[in-house]
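# Structure for this input, please:
(one chain, ligands or ions: 2)
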Amino acid sequence: MQEKNWGTNAINTWCPGCGNFAILNSIKSVLKSLVADNILAENIVLVSGIGCGAKIVDYINANSVYSIHGRVLPVAEGIKLANPQMKVIGLAGDGDTYGEGMEHLVFAAKRNIDITMIVHNNRVYGLTTGQYTPTSPLGYKGRSTPQGSKETPINPLEIMLASGASFISRGTSTTMELLKKLMREAIMHKGFALVDILQVCVTFFNMYEYYNKNVYELAGHDPADYGKAMQRIREWNYSNTDAKIPLGVFYKKEIPTFEEYYLHLGKETERSQKIHKILENTI
Ligand SMILES: Cc1ncc(C[n+]2csc(CCOP(=O)(O)OP(=O)(O)O)c2C)c(N)n1
Ligand code: SF4
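Ligands and ions are numbered 1, 2, ... in the order given. Okay, here's the model as predicted:
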């Protein structure tokens, strides 16, 4: 059997040095490994939003849907519920996911629907040239905050843990081997999985030096312990302080998924079939 080519002929418009390249190469390698493990390529679907990060689906030869800004998860949830056999993977920026899409993110986590959300978190709106986002640090100077942002950032991982997500992890675009590991584990996890990727936007918020200096990989952490997960998640609050930035899986738990609660839908279908029969016989 000929090996599937995951690349496309689309011209890549990302800036040279953009962290999105590391995410693209990592996800392609993970998709390849899934197929090698007998997951059918046709049973994988990528859903993206709008933004630099979202363009990733142009560059991957897989089933994919471009949704609208902030609406990756409703589309992904619809696909998953209609086709429970699919591996559904959302890919979008932090503006898309933690700004416009925050409500959908909270509800996807609350439902524990079996979807993986991969966030290209450059902590800035890249495509629209540098406005601040929910994870930009206090004082961030960009198009919409020329005097520096006056807001403290949110910690999206804390929100995810409080909302019920059953897999919460963080990687960076500077550590590809770890990134591949996290993405694969998230995709294989049964339930709602988040991979927050500190993706460096070289043009509007170049954090290479800061991340290289501060990130470290979690070791000896028990991801089944909710309290410990919260503690580790709170070690770095997305402010640009000197705090060390943990990477890895913070929380992981097998709990019933949204789809499992909806198994009774089969009965509903039977019921509507019976109604159809009655109508056919009487009208
Ligand atoms: C509802 C809506 N609001 C605003 C826009 C304009 N818009 C397009 S891309 C974008 C920024 C995307 O930023 P982010 O999601 O952080 O992704 P990045 O470009 O940084 O990868 C915005 C605001 C839009 N398309 N739709
Ligand atoms: S603007 Fe930033 S995120 Fe967008 S392609 Fe350029 S470096 Fe990447």
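# When you work out contacts or count neighbours from here on, use the C-alpha atoms and nothing else.
Noted.
# Enumerate the residues of the stretch 1-150 of the chain near ligand 2.
Trp14, Cys15, Cys18, Cys52, Gly126, Leu127 (C-alpha under 6 Å from any ligand atom).
# List the contacts of the last one.
Read it as Leu127. Applying C-alpha atoms under 8 Å, 6 or more residues apart in numbering, we find Leu127 in contact with Gly51, Cys52.
# coming back round to it: what about burial for the residues of the stretch 1-150 of the chain next to ligand 2, which qualify?
The neighbour-count test (16 or more other C-alpha atoms under 10 Å) applied to these identifies Trp14, Cys18, Cys52, Gly126, Leu127 as buried.
# Quick check: closest non-adjacent residue to the third one.
Nearest residue to Cys52, sequence neighbours excluded (C-alpha to C-alpha, 6 or more residues apart in numbering): Leu127, at 5.2 Å.
# Likewise for the fourth one?
Computed as C-alpha to C-alpha, 6+ apart, the closest residue to Gly126 that is not its neighbour in sequence is Cys52, at 6.2 Å.
# Touching, the one you found and Asp94? I think so.
No - when contacts are counted by C-alpha atoms under 8 Å, Cys52 is not listed as touching Asp94 (10.7 Å).
# so which of the buried ones among the residues of the stretch 1-150 of the chain next to ligand 2 also contact ligand 1?
Within these, those near ligand 1 by C-alpha under 6 Å from any ligand atom are Cys52, Gly126, Leu127.
# Just the pLDDT for the first one.
Read it as Cys52. What the model reports for Cys52 is a pLDDT of 98.
# check contacts around it.
Contacts of Cys52 (C-alpha under 8 Å, 6+ apart): Trp14, Gly93, Gly126, Leu127.
# which of the residues you listed sit farthest apart?
Trp14 and Gly93 (13.6 Å; C-alpha to C-alpha).
# in the helix or strand bottoming out on mean pLDDT in the chain, what counts as buried?
The helix or strand of the chain with the poorest confidence is helix 265-282; it has a mean of 74 (mean pLDDT, DSSP states H and E). Under the neighbour-count criterion of 16+ other C-alpha under 10 Å, helix 265-282 has nothing buried.
# Stretch 27-40 too?
So for stretch 27-40, counting by 16+ other C-alpha under 10 Å, buried means Ile27, Lys28, Val30, Leu31, Lys32, Leu34, Val35.
# ranges for the helices of this protein?
In the chain, the helices defined using DSSP state H lie at 20-36, 72-82, 94, 102-111, 156-163, 176-188, 208-214, 226-233, 258-261, 265-282.
# want to try a markdown table for those, with distance to Arg143 as columns?
Supplementary listing: these in a markdown table, determined by distance: least, C-alpha to C-alpha, whole Å:
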| stretch | distance to Arg143 |
| --- | --- |
| helix 20-36 | 21 |
| helix 72-82 | 25 |
| helix 94 | 17 |
| helix 102-111 | 22 |
| helix 156-163 | 23 |
| helix 176-188 | 30 |
| helix 208-214 | 21 |
| helix 226-233 | 30 |
| helix 258-261 | 40 |
| helix 265-282 | 48 |
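# among the ones you listed, which is the most enclosed?
helix 94 (a mean of 32; mean count of other C-alpha atoms under 10 Å).
# elements contacting that one?
Where contact means 3 or more C-alpha pairs under 8 Å, 6 or more residues apart in numbering; DSSP states H and E, helix 94 is packed against strand 116-121.
# can you pull the contacts of Ala108?
So Ala108 contacts Leu73, Glu77, Ala165, Phe192 (C-alpha under 8 Å, 6+ apart).
# Take those residues and write them to CSV, including distance to Ser64.
Below are the contacts of Ala108 laid out as CSV (distance: C-alpha to C-alpha, whole Å):
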residue, distance to Ser64
Leu73, 13
Glu77, 14
Ala165, 24
Phe192, 19
